[in-house]
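Engineer: Next input, structure requested:
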Amino acid sequence: MKERRYGIDLLRILSMYLICILHVAGQGGVMIRYTQSPGTYYAVWVLETAAYCAVNVYGMISGYVGVSARHRPSRIVELWFTVFWYSALGTLIGVQIFHHPLEEGSLYQALLPASWKTYWYFSAYVGVFVLAPYLSKMVKALTDAERKALILSVFLLFTCLTMVPRVAVSGADWLNLSAGYSFVWLALLYLTGASIRCLTDQTVCQGNIPASANGNRNEKGDFYHRGKLFYLLLYLGMTLIAWGSKILIENHTRAVYGKALYGRLLSSYVAPTTFLAGLALLLLFSKVRIQAEAVKALIRFLSPLCFSVYLVQVQPYFWNYYLKGRYSAIARLAPLPAMGKVLLTALLLYLFCLAVDLLRALLFRILSVRKLAAWLTDIFLVPFRAMTGLKGDA
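Structural biologist: Numbering: from 1, shown residues only. Predicted coordinates:
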């Protein structure tokens, strides 16, 4: 039986909290720059920048865990039921109880959430999930040197070389990364996370290739085998670089062109600083070992509910009619109180979404949704397996 990586589960929980910070500061309206209090804007941007890598971390965790996990096709069907629950039920509540308008396309988006990108991350993840077993086999077949080359190639090509065109010229996203809101980017993150797992955990991938193919694994001084302090400092350093660059670039362009330009050069999901910050957090928490049984139990309880925290927040009616601009008054506070208020508000939002999902999880257990998803998956896969000759969970 494989040992559970509680440090990675803890990172999943932390990452969703960071995503709550992004939503409070962004959609919540805190990221407003008032001329009388620009310090607050910059202060809140520290939190925004520190949280930006959370989505990347989530994508990397998929690969880190998925490369050694049994691929269960029914999992995506079960997850779709959860997405549909919030999509359809949220629309029904918004229209019937709160009397919000049924906008054009809302019904189709509610009933077909994956196809209509009602939740962009889930829609992109569906594609990654289907390819996951093949991506994992590819990574397992590589040598350590090739895995390192893969990660470095993703960093150089997809983050560094796309950085300037992406922010300088509209429509210049020549690799179609869509600023990270895409299946392509999530697939690259999956490959990165899977490669990191193989590089740092010899029990996962070394049995798939001859030992000599990896050469002598001299881990001392290797980037993927540093101490926790190194990765913490790397994360903080990338955050400060991205934050400082935004201030300098925006102030310069405001003085020269009369408006702030290119401020997101290092502040997006596909920015090199964001990529490295996410990489640092994954490597840091992969070294975290939890000993206390009470803490382990709490992590086991919270970890499966984390994704629904995202689903509740970005449910279209909740996103547009409850969350939009709700916390804009924070932008008028002094810098330190504003930062504290954002952190507390994000925590309360997190806890609220968890409470909502506890009811959903209880109902799904009563209705045996997992068994239903497995039954439907087996039916769907009968013709697929007949045409391909695949068996089992493939």
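Engineer: Give the buried residues for the least confident helix or strand in the chain by mean pLDDT.
Structural biologist: Every helix and strand in the chain was compared by mean pLDDT, DSSP states H and E; the lowest is helix 106-111, with a mean of 78. Going by neighbour count (16 or more other CB atoms under 10 Å), the buried part of helix 106-111 is 106, 109-110. For the C-beta atoms, the positions are set from N, CA and C on the backbone; glycine is no exception.
Engineer: need those in JSON lines with distance to residue 255, can you?
Structural biologist: JSON lines is the format used below for these (distance: CB to CB, whole Å):
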{"residue": "106", "distance to residue 255": "44"}
{"residue": "109", "distance to residue 255": "43"}
{"residue": "110", "distance to residue 255": "47"}
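Engineer: Tell me the one of those residues nearest residue 142?
Structural biologist: Checking the buried residues of helix 106-111 against residue 142 with CB to CB, the nearest one is residue 109 at 39.5 Å.
Engineer: give me every residue that touches the most centrally placed residue in the chain.
Structural biologist: Most central in the chain under CA atoms, centre = their mean is residue 55, positioned 2.4 Å from the mean C-alpha point. With contacts defined as CB atoms under 8 Å, 6 or more residues apart in numbering, residue 55 is in contact with 15, 19, 121, 180, 269.
Engineer: again, but for residue 314
Structural biologist: Going by CB under 8 Å, 6+ apart, residue 314 touches 23, 119.
Engineer: Distance check, it against residue 324.
Structural biologist: Distance, residue 314 to residue 324, using CB to CB, to the nearest Å: 11 Å.
Engineer: Please look at residue 205 and residue 195 and confirm they touch.
Structural biologist: No: using CB atoms under 8 Å, residue 205 is not in contact with residue 195; the gap is 9.2 Å.
Engineer: more crowded one of the two?
Structural biologist: Set residue 205 next to residue 195 and count neighbours by other CB atoms under 10 Å: residue 195 wins out with 28 against 24.
Engineer: name the element that one belongs to?
Structural biologist: When elements are assigned from DSSP states H and E, residue 195 belongs to helix 183-200.
Engineer: Please enumerate the helices of the stretch 101-250 of the chain.
Structural biologist: Here the stretch 101-250 of the chain has its helices, by DSSP state H, counting those that start in this stretch, at 106-111, 120-141, 144-153, 163-168, 183-200, 202-205, 228-257.
Engineer: so where's the protein shaky on pLDDT?
Structural biologist: By pLDDT under 70, the low-scoring segments of the chain are 1-2, 35-36, 104, 170-171, 206-221, 392-394.
Engineer: Can you show me the strands along it?
Structural biologist: With DSSP state E, there are no strands along the chain.
Engineer: Spatially nearest residue to residue 356, not counting backbone neighbours?
Structural biologist: residue 312 (5.4 Å; CB to CB, 6 or more residues apart in numbering).
Engineer: For residue 68, find the nearest of the helices of the stretch 101-250 of the chain.
Structural biologist: Per CB to CB, nearest to residue 68 of these: helix 202-205, 4.7 Å.
Engineer: and that closest one, what does it pack onto?
Structural biologist: helix 120-141, helix 183-200 (3 or more CB pairs under 8 Å, 6 or more residues apart in numbering; DSSP states H and E).
Engineer: Please enumerate the shared neighbours of residue 205 and residue 195.
Structural biologist: Common neighbours of residue 205 and residue 195 (criterion: CB under 8 Å, 6+ apart): residue 139.
Engineer: Quick one: residues in contact with stretch 118-138.
Structural biologist: Outside stretch 118-138, the residues that reach it (CB under 8 Å, 6+ apart) are 55, 58-59, 62-63, 66-67, 71, 75-76, 79, 83, 87, 109-110, 112-115, 117, 181-183, 185-187, 190-191, 194, 310-311, 314, 316, 394.
Engineer: buried set for it?
Structural biologist: For stretch 118-138, by 16+ other CB under 10 Å, it's 118-119, 121-126, 128-129, 132-133, 135-136, 138.
Engineer: and what of stretch 166-178?
Structural biologist: Neighbour-count burial for stretch 166-178 flags 166-167, 173, 175, 177-178 (criterion: 16+ other CB under 10 Å).
Engineer: Likewise for stretch 279-287?
Structural biologist: 279-286.
Engineer: Redo these as a markdown table? Include distance to residue 261.
Structural biologist: Listed next are the buried residues of stretch 279-287 as a markdown table, based on distance: CB to CB, whole Å:
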| residue | distance to residue 261 |
| --- | --- |
| 279 | 28 |
| 280 | 29 |
| 281 | 30 |
| 282 | 32 |
| 283 | 34 |
| 284 | 34 |
| 285 | 36 |
| 286 | 38 |
